[in-house]
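Got a predicted model here, sequence first, then my questions.
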Amino acid sequence: MEIRKESPEDAGVIRQINQVAFGHPEEAQLVDDLREAGALLLSMVACDGEQVVGHIAYSRGWIECEGERIPSVALAPMAVLPDYQSKGVGSILLSTSLYTLREMGEAHVFVLGHTWFYPRFGFVPADQFQIASVYQAGDHFMGQELSSGALEGVEGHFMYHPAFEGV
């Protein structure tokens, strides 16, 4: 399995993967909207030979903290073709992309996702960092420090790129 950054030729297949994996077009449209707005911070694909079988996207998010906007990262969406699900594709996409984010110098990342999946990769409920979601997500809203201590003294609300309003 090869993991690489998306190329311009991947846009159509990324759209298809998100539509098939989620069963509706909202996440596929989100990726298109983020790409069009220049807001994709990192977009990676998983390839089985020449076939793209998975995708993960990150965009810039912010923590609103006492009137200050602290740059952060939003993970969403991650999608894998059904025939490749439960075979480790999502795990390797996530692990590789988190490593890449660290290499890029990002300090923290947040996700609204499955509580049975993301904690295996270091995500914890975001309220442990005193960070709340604009969505009522409970423990499904999780965060991770990519740089140790990066969220010390930070308390506030995580804000997504406006493209997320359509999801």
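Received it, and whenever you're ready, just let me know what you need.

If you count neighbours, what's buried in the longest helix anywhere in the chain?
In terms of residue count, the longest helix belonging to the chain (DSSP state H) is helix 89-103. Under the neighbour-count criterion of 16 or more other Cβ atoms under 10 Å, helix 89-103 has 89, 90, 92, 93, 94, 96, 97, 98, 100, 101 buried. (Each C-beta comes from the backbone N, C-alpha and C, glycine too.)

which other residues reach whichever helix or strand comes after that helix?
Later in the chain than helix 89-103, the nearest helix or strand by DSSP states H and E is strand 108-112. Around strand 108-112, the neighbours that count as contacts under Cβ atoms under 8 Å, 6 or more residues apart in numbering are 58, 61, 72-76, 98, 101, 118, 123, 126, 129, 131, 133, 135, 137, 140-147, 150-151, 158.

rerun that using 6 Å as the cut-off
Here strand 108-112 makes contact (Cβ atoms under 6 Å, 6 or more residues apart in numbering) with 72-75, 118, 137, 140-146, 150-151, 158.

Would you mark the buried spots in that strand?
Under 16+ other Cβ under 10 Å, the buried positions of strand 108-112 are 108, 109, 110, 111, 112.

How about stretch 28-43?
28-35, 39-43.

picking up where we left off before, out of the contacts of strand 108-112, show me where the pLDDT dips lowest.
The weakest per-residue confidence within those falls on residue 137 (85).

which residues in the protein form helices?
11-22, 26-36, 89-103.

Would you mind finding the longest strand in this protein?
The residue-count maximum for a strand in the chain (DSSP state E) belongs to strand 51-65.

Out of the helices of the chain, which is closest to residue 53?
Nearest of the helices of the chain to residue 53, taken as Cβ to Cβ: helix 89-103 at 6.1 Å.

Which residues does that closest one contact?
1, 3, 44, 46, 54, 56, 80, 121, 146.

Residue 114: what's its closest spatial neighbour, skipping adjacent residues?
The shortest distance from residue 114 to any non-neighbouring residue, by Cβ to Cβ, 6 or more residues apart in numbering, is to residue 140 (7.5 Å).
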